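Q: Okay, sequence plus prediction incoming.
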Amino acid sequence: MLALIKKDLEKILLAAGVTGAIELTSPPNPALGDFAFPCFRLAGIFKKNPVDIAKQIAKEIKPSSNIEKIEAKGPYLNFFVNKKQTFEHILNLDENYGKSSEGKNKKIVVDFSGPNIVKPMHVGHIRSTILGDSIIRTYNFLGYKTTGINYLGDIGLHIGKLIVAYELWLDKKALKQDPVKELLRLYVRFCKKEKSQVSEGQDEAGEEFLDNEWTNKAKEKIRLIEIGDKEAHRIWKEIRDASGKGFDKVYKILNVNFSETTGQSFFSDKGKSIITEALKKGLAKPESDGAVYVEFKDKKGEETLPKRYVLRSNGTASYITQDIGALVERNKKYQFDKIIYITDYRQRLHFQQLFEILKRFGNNFTDKCEHLGLVTLNFGKEILASRTG
């Protein structure tokens, strides 16, 4: 469509002795048209007011089957597309229309969906899943070799919470009938107990630093998993299997498949080994309680990003520790030309810190990493929160 409009304009301007690229813009209001041609640069050539130039060109261009109407609005020439004709044309296109080989020999990795086990998938996860799958299909259509990764939240404080709840309040019959529903019930019950000990003003988003009976019980379960405790591992596996069955039902309905499905737990050891090396080199720093952090300062010593803890005080891996290990392994395994993470935009700082940490640690692939942040879904006063059910 743009090409047709530009071709008509070029004919008229060329006849008047004007050459050069035709630049079209979008009007600020759809009621003014679909495309607009600003006539300002022609004022010096024709020695006329751009408003008069727009009127003159409008008289000389005739609407076509694709262009329904042409109007001069001030110094702009506005074009209205024949939408019915355009849509009929699109519907009649060959299924390979637009297909190309521009991505030949190029590799794209897309990290999408990634629900936390324990919690049921909600509309936010489904949106990420559909968009990620659509991006992969588009890249495939353009000849890229793509890898879709479902990076499950199968470790972390939420897992520790559920293991505690699982041991205390599990209804085995309910778990067998509807595993996702029973796991959510247990998680909500734990969070209510935990919240009763969170003093007013404490930020639940900073729960890694909460110090109370229930949160500490959850942290201990994570420590037991990392040191290989058999009972903690047994329960953890049952939880993962139960959640996986629920996720698979949703993916089957959506007709979405993944090249690889892994969990954060797969990369805890790798992440911790990278942090250990960074500590030796002075790129990461220890706190007095044993926690390890990375700070972000420029050459003047000014902070460019908030410092980030990469190991807990009890030596266990945090969320970003696992992401560090995962990204290094993905680059090694896939040698990607680009990796795209599709998540809620509120994780923007997390990914800024992740990419910057790996850059500071000497990795040269961080310029190939991109975070595609999705805006939050608004349901009025309702907030999607697993902790409240």
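A: Looks like it came in fine.
Q: those helices in the stretch 151-300 of the chain, which residues are they?
A: 157-169, 172-177, 179-195, 213-226, 230-254, 268-281 (DSSP state H, counting those that start in this stretch).
Q: out of those, which comes closest to Asp323?
A: Closest approach to Asp323 among those is made by helix 268-281 (7.4 Å; CB to CB). Backbone N, C-alpha and C define where each C-beta goes, glycine included.
Q: for the closest one, packing partners?
A: strand 292-297, strand 303-311, helix 319-334 (3 or more CB pairs under 8 Å, 6 or more residues apart in numbering; DSSP states H and E).
Q: sorry, back to before: looking at the helices of the stretch 151-300 of the chain, which is closest to Ile339?
A: Proximity to Ile339 (CB to CB) singles out helix 268-281 among the helices of the stretch 151-300 of the chain, at 16.4 Å.
Q: what's that closest one in contact with?
A: Contact partners of helix 268-281, identified using CB atoms under 8 Å, 6 or more residues apart in numbering, comprise 155, 226, 284-286, 292, 294, 310-311, 316-317, 321-326, 328-329, 361.
Q: quick one on the thing from earlier: looking at the helices and strands packed on helix 268-281, which is buried most?
A: Stretch with highest mean neighbour count among the helices and strands packed on helix 268-281: helix 319-334 (a mean of 20; mean count of other CB atoms under 10 Å).
Q: who's in contact with that one?
A: With contact meaning CB under 8 Å, 6+ apart, helix 319-334 is reached by 107, 109, 147, 149, 151, 155-156, 262, 264-275, 308, 310-311, 336, 339, 350, 353-354, 357-358, 363, 365, 369.
Q: list the buried ones in the helix or strand of the chain with the lowest mean pLDDT?
A: None of the helices or strands of the chain scores lower by mean pLDDT, DSSP states H and E than helix 2-15, at a mean of 72. For helix 2-15, burial by neighbour count (16 or more other CB atoms under 10 Å) applies to 5-6, 8-9, 13.
Q: Same question for stretch 340-350.
A: Within stretch 340-350, the residues scored as buried using 16+ other CB under 10 Å are 340-343, 350.
Q: where's that stretch relative to the chain centroid, distance-wise?
A: The chain centroid and the centroid of stretch 340-350 are separated by 5 Å, computed with CA atoms, centre = their mean, to the nearest Å.
Q: now it: mean pLDDT?
A: Averaging pLDDT along stretch 340-350 yields 94.
Q: Would you mind measuring the gap between the ends of it?
A: 14 Å (CA to CA, to the nearest Å).
Q: ditto for stretch 28-47
A: 27 Å.
Q: Residues in contact with that stretch: which ones?
A: 1-2, 5, 9, 13, 16-18, 22-27, 48-51, 53-54, 57, 69, 71, 73, 75-81.
Q: chain center to it: distance?
A: 37 Å.
Q: So which bits of it are buried?
A: 33-37, 39, 42, 46.
Q: Name the residues that touch the least confident helix or strand of the chain?
A: With contact meaning CB under 8 Å, 6+ apart, helix 2-15 is reached by 19, 22, 24, 35, 37, 42, 57, 60-61, 64, 66-67, 79.
Q: Out of the residues you listed, the closest to Lys173 would be?
A: Relative to Lys173, the closest of the contacts of helix 2-15 is Phe35; by CB to CB it sits at 63.6 Å.
Q: Quick check: phi and psi on the closest one?
A: Backbone geometry at Phe35, expressed as degrees, to the nearest 10, gives phi -140, psi 150.
Q: elements contacting the helix or strand Lys359 falls within?
A: In this structure, Lys359 sits in helix 348-360 according to DSSP states H and E. Packing partners of helix 348-360 (3+ CB pairs under 8 Å, 6+ apart): strand 292-297, strand 303-311, helix 319-334, strand 369-374.
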